[in-house]
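> Here you go, sequence then predicted model.
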Amino acid sequence: ILNIYFNDLYTLCVNYIQFNDTTTTTNTHTTDTHKTHAGVISVQEICIQLLAAIFDAGDGHIEAYYPKILPILLNLIKSTHLNVHQQQLGAYTIDCLGIVILAAGADIYQQHHQETMNLLLHLHQENKDATNDPRNDELDQCFVRICETIGGIDFLPYLHLLMPKLLKNASINDEAEIILDGENKSQYEGQDGYTSTSINLRSLGPKQLIMNIDKIAIKTMAIQALRQYAELLGEHYYPFVSSTAQIVVPLFNYQFQLKIREEAGKCAPLLLAATFAKYQEQQQQLEQQGEEVTLAYIQQLWDYISP
């Protein structure tokens, strides 16, 4: 059924995605213009999500559409990245881009690779300190999908540019606080992302748990991305093993988000595997290249990770 109706769905979605704002200029009322513009964005967002779902579920019968949709998505990202009111549309588009690239495969994607990476890295650098931009999480996952598409070795030079922000986000430590029940929490009230919950701790009595949902989400996505890169790169992830281990191991007992504990637990054995694979690789080399990995270091890492 998907293959039968895909052409019609594709044509409909692309027509709406490419729809520009010229229709709003004919409206003389500012309020009506704003509503029209918002309506266009809303339809575009729905179409982008629909396209992402179609490509994610598609198969070889629709591969001919990949080269056509990639330039459209890149142009939409370019046209929305400076408009704060279109950040969510940009986020959906980046998510769709990653799905399309992964579905297209390396051969089809290759002709757009440099343009794509230049654009995404520019956005990454531009938004590196932003905490409330919905495009950030989608950027992280889009990079992971590109890594999976082209292979870890080819993606490694880009990872060196991405890791500082990922490690910083994974290290967020002010996302939650436990205060006395009834204690003044005015510093959190009215701020976006904060929520409070009454809890009763054994031997400590009633407390208030203050959490920043946005920061927890950022931390979760960063830990997940670290795990994904460790899985995709194997021994090539070794340069980041030490810094990653220092972050994920203390999170084995993280109290505020199950997903973080799960991702940290999944990441740990991948770090050991990357280190041991690097050790085996260097044993086969006639000349030592880079930092030497010793059995003593592997044992030290094992002792640090294992409970």
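Received, thanks.
> end-to-end on stretch 241-261?
Terminal residues of stretch 241-261 lie 18 Å apart, using CA to CA, to the nearest Å.
> Name the residues of it that are buried.
Buried residues in stretch 241-261, counting neighbours by 16 or more other CB atoms under 10 Å, are found at Val241, Ser243, Thr244, Ala245, Ile247, Val248, Val249, Leu251, Tyr254, Gln257, Ile260, Arg261. Quick note: C-beta positions are derived from backbone N, CA and C, even for glycine.
> likewise stretch 97-110?
Leu97, Gly98, Ile99, Val100, Ile101, Leu102, Ala103, Ala104, Ile108, Tyr109.
> what ranges of this protein fall below the confidence cut-off?
Within the chain, the stretches with pLDDT under 70 are 1-41, 58-63, 81-84, 128-131, 177-194, 196-206, 285-292, 307.
> Now do the helices in it.
2-17, 30-57, 66-80, 87-104, 106-109, 113-126, 135-150, 152-170, 213-233, 241-248, 258-283, 295-305 (DSSP state H).
> Highest mean neighbour count out of those helices?
Mean neighbour count (mean count of other CB atoms under 10 Å) peaks for helix 87-104 among the helices of the chain, with a mean of 24.
> Compute the inter-axis angle for it and helix 135-150.
10 degrees (axes from the mean of the first three to the mean of the last three CA atoms, to 10 degrees).
> export the buried residues of stretch 97-110 to a markdown table and tack on distance to Ile216?
Below are the buried residues of stretch 97-110 laid out as a markdown table (distance: CB to CB, whole Å):
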| residue | distance to Ile216 |
| --- | --- |
| Leu97 | 26 |
| Gly98 | 23 |
| Ile99 | 25 |
| Val100 | 29 |
| Ile101 | 28 |
| Leu102 | 27 |
| Ala103 | 30 |
| Ala104 | 33 |
| Ile108 | 37 |
| Tyr109 | 33 |
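> Out of those residues, flag the one nearest to Leu89.
Leu97 (12.5 Å; CB to CB).
> And the furthest pair within the buried residues of stretch 241-261?
Of all pairs in these, the most separated under CB to CB is Val241 and Gln257 at 23.4 Å.
> hmm, who's touching stretch 235-249?
152-153, 156, 159, 163, 167, 170-171, 223, 226, 229-230, 263-264, 267-268, 270-271, 274-275, 277-278, 280-281, 291, 293, 301, 304-305 (CB atoms under 8 Å, 6 or more residues apart in numbering).
> tell me how far the ends of that stretch are from each other?
Per CA to CA, stretch 235-249 runs 19 Å from first to last residue.
> What of stretch 231-246?
18 Å.
> so what's Glu263 closest to, chain neighbours aside?
Ile223 (4.4 Å; CB to CB, 6 or more residues apart in numbering).
> For Gln49, see how far away the one you found is.
From Ile223 across to Gln49, the span is 25 Å (CB to CB, to the nearest Å).
> same check, this time on Ile247
Ile247 is 32 Å from Gln49, by CB to CB.
> Repeat that for Ala225.
Counting by CB to CB, the gap from Ala225 to Gln49 is 22 Å.
> Any idea how many residues pack against the spatially closest residue to Leu70 that is not a sequence neighbour?
Excluding the flanking residues, the one nearest Leu70 by CB to CB, 6+ apart is His112, at 5.0 Å. When neighbours are counted by other CB atoms under 10 Å, His112 registers 20.
> Over to Thr294?
11.
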